[in-house]
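Asks: Task: produce atomic coordinates for the following.
(one chain, ligands or ions: 1)
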Amino acid sequence: MADVRVFRPKSLGGLLRLYARNPDALLYAGGTALVPQLRGPAGGSLELPPKVIYLGNVVELGRISRTQRYLDIGTTLSLARIMSVGRNVLPKVLQAALGSVANPSVRNLATLGGNLCSGDGGGDTLPALSAVGAQVELRSLGTTRWLRVERFAHPTGAAVLRPGEIACRVRVPLEEWDFQVYRKVGRRHGSDRACLSLAGVARLPKGTLEALHCSFGGLGLGAVPGREIEARLKSARLPLAPKTVDALLEELRRLLESRMPAAVSGGGQYRPATALRLFRWFLAGLNEKSLETL
Ligand SMILES: Cc1cc2nc3c(=O)[nH]c(=O)nc-3n(C[C@H](O)[C@H](O)[C@H](O)COP(=O)(O)OP(=O)(O)OC[C@H]3O[C@@H](n4cnc5c(N)ncnc54)[C@H](O)[C@@H]3O)c2cc1C
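Replies: Numbering: from 1, shown residues only. Alright, predicted model coming up:
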């Protein structure tokens, strides 16, 4: 194996300076997405690039803090730790999405930053983070910007990061939702992305839909079902009439047909058909919940 230099910065300032000087270095968090990629499909020996920056010692990236309105989660916190520390605070939809990733051993290593930045539309936490309107703080030496999480949900998701830029924390709004659901179909093995998921939240005081957000994972389409459908549903009377449900499903079908890249829809109708089934399940759940709030 060629010489590999592994840097282990301890502070955010040190990390940003180091990465600015070495923008070609590989950022390494939990390694659970990287290691299978670096071993290749045949599972050979680990081929690390010449420079690796290990993020796990950077104090600021391992913090979690709460205000009345937000939970700020450092990107190097493991999924298991977030689930345990945030047990009573995290939106249920996010707790469910975190718990759907792999298995407890992987969740002990896998970080939230790695789940967002692993490319190809990111991991299973993305739809839940998108649904609750989470944002990511990106920093490079001398710059800071905030992006909505759904920007990472595109097939070229990790490309939103500019050279020298690091995802530092994820800001999760702590809003009250009457209805929160997360469902994942299919199992994921390492980098194989054969699964689809749907995360949705809604507020429905007295049978009226005040706010609704839902988002798919695994379609590579960012924020679908999309603002159009969400806007049409806003202020709708609940429960939704069967013909409204059919019209929404038809609208989603057309949206998927026009927006799904060939690479994603390839392999037949499985993904669009599954997405439609998930959306129907979501609307049925919403109707059921609305009857409880009357
Ligand atoms: C057996 C197995 C099962 C899995 N099942 C699932 C699953 O069910 N659902 C799922 O979503 N994922 C799954 N994964 C993939 C992986 O575990 C997760 O996506 C995990 O959250 C990645 O986090 P990590 O810390 O290990 O990232 P790493 O592997 O360390 O990094 C992943 C990528 O993100 C970049 N990166 C990491 N942190 C940052 C940061 N702060 N700023 C900028 N870039 C960063 C790295 O440079 C790298 O390109 C599975 C993996 C395995 C091995």
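
Asks: Return the nearest residue of the stretch 101-250 of the chain with respect to the ligand.
Replies: G114 (2.0 Å; CB to the nearest ligand atom). In short, each C-beta sits where N, CA and C put it, glycine included.

Asks: phi, psi of that residue?
Replies: G114 adopts backbone torsions of phi -70, psi -40, taken as degrees, to the nearest 10.

Asks: residues near it, how many?
Replies: G114 has 25 neighbouring residues, counting by other CB atoms under 10 Å.

Asks: which residues sit in contact with the nearest residue to it once chain neighbours are set aside?
Replies: Nearest non-adjacent residue to G114, counting by CB to CB, 6 or more residues apart in numbering: A29, 4.3 Å away. Contacts were defined as CB atoms under 8 Å, 6 or more residues apart in numbering; by that measure A29 touches L55, G56, T75, T76, T111, G113, G114.

Asks: what's the distance between A29 and Q37?
Replies: 13 Å (CB to CB, to the nearest Å).

Asks: what residue ranges in this structure score low on pLDDT?
Replies: For the chain, the stretches flagged by pLDDT under 70 are 1, 120-121, 154-158, 187-194, 221-227, 261-268, 293-294.

Asks: redo that, cut-off 80
Replies: Where the chain drops to pLDDT under 80, the residues are 1-2, 40-44, 119-122, 153-159, 186-194, 219-235, 259-269, 293-294.

Asks: tell me the centre residue of it?
Replies: L126 (1.1 Å; CA atoms, centre = their mean).

Asks: so who does that one touch?
Replies: N115, L116, V149, E150, F152, A153, S215, G217.

Asks: so, in contact with the ligand or not, the helix or strand encompassing it?
Replies: Take DSSP states H and E as the rule and L126 turns out to sit in helix 125-131. No - contact of helix 125-131 with the ligand (CB under 6 Å from any ligand atom) is absent, the minimum separation being 6.6 Å.

Asks: Next secondary structure after that helix?
Replies: Counting by DSSP H and E, what follows helix 125-131 is strand 135-140.

Asks: from the middle of its chain, how far away would that next one be?
Replies: Distance of strand 135-140 from the chain centroid (CA atoms, centre = their mean, to the nearest Å) equals 15 Å.

Asks: Tell me the helices and strands packed up against that strand.
Replies: Here strand 135-140 touches helix 12-21, strand 143-148, strand 166-173, going by 3 or more CB pairs under 8 Å, 6 or more residues apart in numbering; DSSP states H and E.

Asks: Any chance of CSV for these, columns mean neighbour count?
Replies: Shown next, in CSV, are those (neighbours: other CB atoms under 10 Å):
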stretch, mean neighbour count
helix 12-21, 17
strand 143-148, 12
strand 166-173, 22
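
Asks: can you put those in a markdown table and add distance to the ligand?
Replies: Formatted as a markdown table, those follow (distance: least, CB to the nearest ligand atom, whole Å):
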| stretch | distance to the ligand |
| --- | --- |
| helix 12-21 | 9 |
| strand 143-148 | 12 |
| strand 166-173 | 4 |
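
Asks: the strands in this protein, which residues?
Replies: For the chain, applying DSSP state E gives strands covering 5-7, 26-28, 51-54, 64-66, 70-74, 135-140, 143-148, 166-173, 179-185, 196-203, 211-217.

Asks: For L129, which non-adjacent residue is closest in space?
Replies: V149 (4.2 Å).

Asks: and that neighbour, what is it in contact with?
Replies: When contacts are counted by CB under 8 Å, 6+ apart, V149 is found next to L116, L126, L129, S130, A134, Q135, V136, V170.

Asks: Out of those, which comes closest to G207?
Replies: S130 (26.2 Å; CB to CB).

Asks: Now for that closest one, how many residues are close by?
Replies: Using other CB under 10 Å, the number of residues around S130 comes to 25.

Asks: Any figure for the gap between it and P173?
Replies: 12 Å.

Asks: What is the burial count for P50?
Replies: 12.

Asks: And P104, by the same measure?
Replies: For P104, using other CB under 10 Å, the count is 11.

Asks: That one contacts S78, correct?
Replies: No - between P104 and S78 there is no contact under CB atoms under 8 Å: 10.6 Å.

Asks: list the buried ones in stretch 76-94?
Replies: By neighbour count with 16 or more other CB atoms under 10 Å, stretch 76-94 contains the buried residues 76-83, 86, 90-91, 93-94.
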